[in-house]
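In: Kindly return the folded structure for what I paste below:
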Amino acid sequence: MESEASTTAKTDNSNKIPHGNMQKALAKTLDKLLDYEDVETLGDDEDEDDVGTILRGSKGNSKVQKKARTKGPIDLYFAKSAAKDIARWMHDAAIPFNAVNYPSFQVMVEFGQFGIGIKAPSFHEVRVPLLNEEVAEVKNSLNSYEEEWEKYGCSIMGNGWTDKKQRTLINFLVNSTKGTVFMESVNASEYSKTSDKMYELLNRFVERVGETNVVQVVTDNASNCVLTGKLLETKCPHLYWTPCAAHCLDLMLEDIGKILKIHNAIKRAVTLNGYIYIRPGVVNMLRRFTGERELIRPAVTRFATAFLTLQRIHKHKVNLRKMFTSEEWTKSKWAKELSGKKVYSIVMMPTF
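Out: Sure thing, here's the model as predicted:
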């Protein structure tokens, strides 16, 4: 026997409601419902046991399982409205667009199937209890990684970099067959160049992970890191210090860049790029001749950037010569400038 509220809902849905009055009619219907959870509209062949169960995954993500039902025009209307509201919230909060690619985003969207009665977390809940719960779950998940370290061994990796405040920061990570775990970021501005202090820092992480578990320590090739690696190998005979391969390649590019002919080529490329990219009119002209392609190709390090930019200039050398010999350039104000003539001579060199 159906309840009075369910009967009322079916009667209202059976009437033809103009699109403009749809939301008002739905609001009136919802006001008549005494309990959102007790009036879940079920089909003739559905049981309440089949509707909405929450399962906790191994990583603490909530997954929603709900029996599929036939969707009508109203579902389509509200689906589009919900998507628009989610997008508007992301725009207002300046959330990166690639956040929708996270699996947790889809879990959150599926959670919305529980209906209008669901209550969003408050600022305090997100900031304190829910955050603490997430931290606790992450720490618990590390247990499986630590078991892997004990069983197969692991590598400690130190990645140093300089931030906008010119501070030397070192990120420490632990890598194993199960994956990579971030441990800590350390401000080493005061002692990054001192081998004794660096040894103390690395040794602290070795002991933290477990001396018997660490098989390898990876750092860059700075002289203090080389000495630090030797000290670690002396203390722990089973441990190996390994120089970072990416840093090795970067140092090789730096040395290659010191060769006279290559040094001059890089210097001319810097002059060419510097002239073009500080003049919006010349940049627009360049893009017309290169098919919207850029000459500068940024990379992780400045030495890699220099060689990638040389590669890009070499690829578009014909287009560059067409640009600097075109009527658009020769009649422009830039062709009459001293710096413009210098750049023109670089592009038109036989060895360009």
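In: Next up, the contacts around residue 303.
Out: 250, 253, 254, 257 (C-beta atoms under 8 Å, 6 or more residues apart in numbering). No exception for glycine: its C-beta is placed from N, CA and C like everyone else's.
In: next structured bit after the helix or strand harbouring residue 84?
Out: Assessed by DSSP states H and E, residue 84 sits inside helix 73-93. Later in the chain than helix 73-93, the nearest helix or strand by DSSP H and E is helix 103-111.
In: Might you calculate how far the helix or strand following that following helix sits from the centre of the chain?
Out: Counting by DSSP H and E, the next helix or strand C-terminal to helix 103-111 is helix 123-127. Centre-to-centre, helix 123-127 and its host chain are 24 Å apart (C-alpha atoms, centre = their mean, to the nearest Å).
In: average pLDDT for whichever helix or strand comes after helix 123-127?
Out: The helix or strand immediately downstream of helix 123-127 is helix 129-152, counting by DSSP H and E. Mean pLDDT, computed over helix 129-152, is 91.
In: Only C-alpha atoms, please: export helix 129-152 in CSV.
Out: Presented in CSV, the C-alpha positions along helix 129-152 are these (Å, rounded to 0.1, in the frame of the first residue of the first chain):
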residue,chain,number,x,y,z
PRO,A,129,37.8,16.6,11.7
LEU,A,130,37.6,15.5,8.1
LEU,A,131,41.2,16.6,7.4
ASN,A,132,42.4,14.7,10.5
GLU,A,133,40.6,11.6,9.4
GLU,A,134,42.2,11.8,5.9
VAL,A,135,45.7,12.3,7.4
ALA,A,136,45.1,9.2,9.7
GLU,A,137,44.0,7.1,6.7
VAL,A,138,47.1,8.2,4.7
LYS,A,139,49.3,7.2,7.6
ASN,A,140,47.6,3.9,7.8
SER,A,141,48.1,3.3,4.1
LEU,A,142,51.8,3.8,4.6
ASN,A,143,52.0,0.5,6.6
SER,A,144,51.8,-1.5,3.3
TYR,A,145,54.7,0.5,1.9
GLU,A,146,56.8,0.0,5.0
GLU,A,147,56.2,-3.7,4.7
GLU,A,148,57.4,-3.5,1.2
TRP,A,149,60.6,-1.7,2.3
GLU,A,150,61.4,-4.4,4.8
LYS,A,151,60.8,-7.2,2.3
TYR,A,152,62.5,-5.8,-0.9
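In: Which elements pack onto that helix?
Out: Judged by 3 or more C-beta pairs under 8 Å, 6 or more residues apart in numbering; DSSP states H and E, the packing partners of helix 129-152 are strand 168-176, strand 179-187.
In: okay, the angle between the last one and strand 168-176?
Out: Put plainly, it is strand 179-187. Strand 179-187 runs at 160 degrees relative to strand 168-176, counting by axes from the mean of the first three to the mean of the last three C-alpha atoms, to 10 degrees.
In: helices and strands around the helix or strand following strand 179-187, which ones?
Out: Under the assignment DSSP H and E, the closest C-terminal helix or strand after strand 179-187 is helix 195-209. Packed against helix 195-209, as judged by 3+ C-beta pairs under 8 Å, 6+ apart, are the following elements: strand 154-162, strand 168-176, strand 179-187, strand 214-219, helix 223-235.
In: try 7 Å this time
Out: strand 154-162, helix 223-235 (3 or more C-beta pairs under 7 Å, 6 or more residues apart in numbering; DSSP states H and E).
In: And the ones you listed: which comes nearest residue 91?
Out: strand 154-162 (31.1 Å; C-beta to C-beta).
In: strand partners of the closest one, parallel vs antiparallel please.
Out: Taking DSSP bridges as the criterion, strand 154-162 sits next to strand 168-176 (antiparallel), strand 214-219 (parallel) in its sheet.
In: Would you mind writing the CA trace of it as PDB?
Out: Extracted in PDB, the C-alpha atoms of strand 154-162 (Å, rounded to 0.1, in the frame of the first residue of the first chain):
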ATOM      1  CA  CYS A 154      64.000   0.800  -1.000                       C
ATOM      2  CA  SER A 155      65.800   4.000  -2.300                       C
ATOM      3  CA  ILE A 156      65.900   7.400  -0.700                       C
ATOM      4  CA  MET A 157      65.800  10.200  -3.200                       C
ATOM      5  CA  GLY A 158      66.700  13.800  -2.500                       C
ATOM      6  CA  ASN A 159      65.600  16.500  -4.900                       C
ATOM      7  CA  GLY A 160      67.000  19.900  -4.300                       C
ATOM      8  CA  TRP A 161      65.500  23.100  -5.800                       C
ATOM      9  CA  THR A 162      65.400  26.900  -5.200                       C
END
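In: in that strand, what counts as buried?
Out: For strand 154-162, a neighbour-count test (16 or more other C-beta atoms under 10 Å) marks 154, 155, 156, 157, 158, 159, 160 as buried.
In: Residues in a beta bridge with the fifth one, which ones?
Out: Looking back up the chat, that one is residue 158. Bridge pairing for residue 158 - DSSP bridges - gives residue 172.
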